[in-house]
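Enquirer: Model the following, please.
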Amino acid sequence: MGISQNIQSIKNTLPPHTALVAVSKTQPAEIIREAYDAGQRAFGESRPQTLLDKASKLPADIDWHFIGHLQSNKIKSVVGLAHTIHAVDSEKLLTALDKEAARRPCRQRCLLQVHIAREETKQGFTPGALRALAAAGALARLPHLQIAGLMGMATFTDDREQIRHEFRTLKNLYTELKQTCFSSDAGFCELSMGMSSDYAIAVEEGSTIVRIGSAIFS
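Expert: Predicted coordinates for the structure are as follows:
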């Protein structure tokens, strides 16, 4: 199947509340344009300079999602351009993003990355660290950020029950924070989990955003 058919096939499996972000980070602008012409509007990039370059060549109504590890010295290229920054993984980065958004000024939408996998190479807050930040009120002292939810990546494994357990752990943490720290914030509404190999499990466990690349573009 081609890109258009792949996108439609995936969307047919998603419930109405789950959005598709096409991971376009390795794709040239002309391939992204093909997906855009098929109706896709949300794309994921992982390098600030590549995001800037592609955004300058492609339609202005694209919602760019920054899905890579973001260094503090690169945030100026991303804040205000990215619809959502997915992988905010430290208090230091939160503070830097809030400062940059205030300078613009804008209110930058972002997701907190939680480390749920057994692999040490994956990044993010531990659930305990995130609970501590919330309890200390640190997440409420960021007026120029819209913390829109949580994001996580499961272990790369064939053990589907392990993957399900990790996604369920993230969903439970999301529900806990929604009921406590973000109980009055309607903007805290996203759970970004699931990629090409495991998005079906993620959807079953409550994902509202799936990030899919190879199942669309290969």
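Enquirer: Local confidence estimate at the nearest residue to Gly206 once chain neighbours are set aside?
Expert: Distance criterion CB to CB, 6 or more residues apart in numbering; nearest residue to Gly206, sequence neighbours excluded, is Lys171 at 4.5 Å. Yep, even glycine has a C-beta here, placed from its N, CA and C like the rest. pLDDT for Lys171: 98.
Enquirer: how many other residues sit next to Lys171?
Expert: Neighbour count for Lys171, taken as other CB atoms under 10 Å: 18.
Enquirer: how about the helix or strand where it lies as PDB, C-alpha atoms only?
Expert: According to DSSP states H and E, Lys171 maps onto helix 160-179. Presented in PDB, the C-alpha positions along helix 160-179 are these (Å, rounded to 0.1, in the frame of the first residue of the first chain):
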ATOM      1  CA  ARG A 160       3.000  -7.900  24.900                       C
ATOM      2  CA  GLU A 161       2.000  -8.200  28.500                       C
ATOM      3  CA  GLN A 162       5.100  -6.300  29.600                       C
ATOM      4  CA  ILE A 163       4.200  -3.600  27.100                       C
ATOM      5  CA  ARG A 164       0.600  -3.500  28.300                       C
ATOM      6  CA  HIS A 165       1.800  -3.200  32.000                       C
ATOM      7  CA  GLU A 166       4.100  -0.300  31.100                       C
ATOM      8  CA  PHE A 167       1.300   1.600  29.300                       C
ATOM      9  CA  ARG A 168      -1.100   0.900  32.100                       C
ATOM     10  CA  THR A 169       1.400   2.300  34.600                       C
ATOM     11  CA  LEU A 170       1.500   5.500  32.600                       C
ATOM     12  CA  LYS A 171      -2.300   5.700  32.300                       C
ATOM     13  CA  ASN A 172      -2.600   5.200  36.000                       C
ATOM     14  CA  LEU A 173      -0.100   8.000  36.700                       C
ATOM     15  CA  TYR A 174      -2.000  10.200  34.200                       C
ATOM     16  CA  THR A 175      -5.300   9.600  36.000                       C
ATOM     17  CA  GLU A 176      -3.700  10.300  39.400                       C
ATOM     18  CA  LEU A 177      -2.300  13.600  38.300                       C
ATOM     19  CA  LYS A 178      -5.500  14.500  36.500                       C
ATOM     20  CA  GLN A 179      -7.400  14.000  39.800                       C
END
